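In: requesting a structural model of the entry that follows:
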Amino acid sequence: MDDYKKSLFFHWVLLVIYSGINIYTVYSLSHSWPTKGCLSWFWLILFCPFFLYYFISICYSLAKKEDFCWKRCLGIGTLILGILLAGGLLRYTQKSALRKLNRAYGPMIEKIREKMPMPCEGGYFDIPTVVTYNGRSNRMIKEDGIPVGSLWYGDGRFVLQFLGGSVDVDGSTLFYDSRIAEWQIFHNDDLQRLDAFKRSLLTLYECDDF
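Out: Predicted coordinates:
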């Protein structure tokens, strides 16, 4: 096997490895408990540039029947493009995770809405879609299969709040506000957002047993 074929084979092996890592990471983040940062984010930021490098290198080699000559320029270019690609994938995985949470917890939201204005007595975590989702998710779930959270209500409004994932100890806030009718998440380091959220709960009552 000549040097060209050896190099091409080696690049194919690395491309398969980096592709597998990126695909698994995207899938895992898309199906996990919503987060505003976790160690898996660094996998995408690290390996997306490598994926692009070897993908472009292989395409060039197959077209020209020779190794790519400007490897340093390719490395710099794919580093920039790879980080941009990782950022796009991270935004996609976060939106996908929120959509899956919304589908699974949709029956819970409807049940809370039906019990308004006194929604505290529920059995909300016994809903089949919620049980299934919580069983698959390995983030922010307590030993009994119930996520860390609380339910607030008052003035025809309710807020379902959970502890979201984060890369550090501060965590994030994941919540559903019935007035907005969608799930939102923010990192607890965002003190302005956290303070505004806490102030929005001042006129509400918290369920003692949720």
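
In: buried residues, stretch 24-42. List them.
Out: Neighbour counts over stretch 24-42 (16 or more other Cβ atoms under 10 Å) mark 25-26, 29-30, 32-38, 40-41 as buried. C-beta here means a position set from N, CA and C on the backbone, and glycine is covered the same way.

In: out of the residues you listed, which sit inside helices?
Out: 25-26, 29-30, 40-41 (DSSP state H).

In: now, among those residues, which is nearest to Leu194?
Out: For these, the residue nearest Leu194 by Cβ to Cβ is Trp41; the value is 20.8 Å.

In: from Gln161, how far off is the closest one?
Out: Distance from Trp41 to Gln161, counting by Cβ to Cβ, to the nearest Å: 23 Å.

In: and stretch 24-35, how far from the chain's centre?
Out: 5 Å (Cα atoms, centre = their mean, to the nearest Å).

In: pLDDT averaged over it - what is it?
Out: Computed over stretch 24-35, the mean pLDDT rounds to 89.

In: can I get the CA coordinates of it in CSV?
Out: Provided in CSV are the C-alpha atoms of stretch 24-35 (Å, rounded to 0.1, in the frame of the first residue of the first chain):
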residue,chain,number,x,y,z
TYR,A,24,-23.7,10.1,19.7
THR,A,25,-23.3,13.4,21.5
VAL,A,26,-26.0,15.1,19.4
TYR,A,27,-28.4,12.2,20.0
SER,A,28,-27.6,12.1,23.7
LEU,A,29,-28.1,15.8,24.3
SER,A,30,-31.3,15.9,22.2
HIS,A,31,-32.9,13.2,24.4
SER,A,32,-31.6,14.3,27.7
TRP,A,33,-33.0,16.5,30.4
PRO,A,34,-32.7,20.1,29.1
THR,A,35,-29.5,21.8,30.1
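
In: now do the SS call for the spatially most central residue of the chain.
Out: Geometric centre of the chain, nearest residue: Gln94, 3.5 Å, by Cα atoms, centre = their mean. Secondary structure for Gln94, judged by DSSP: H, G, I helix; E, B strand; the rest coil, is helix.

In: give the next helix or strand downstream of the longest strand along the chain.
Out: If you go by DSSP state E, the chain has its longest strand at strand 157-164. Downstream of strand 157-164, the next assigned helix or strand under DSSP states H and E is strand 172-177.

In: quick revisit: any idea how far the nearest residue to the residue nearest to the centre of the chain once chain neighbours are set aside is from Ser150?
Out: In space, and not counting its chain neighbours, Gln94 is closest to Pro34: 6.6 Å by Cβ to Cβ, 6 or more residues apart in numbering. Distance, Pro34 to Ser150, using Cβ to Cβ: 17 Å.
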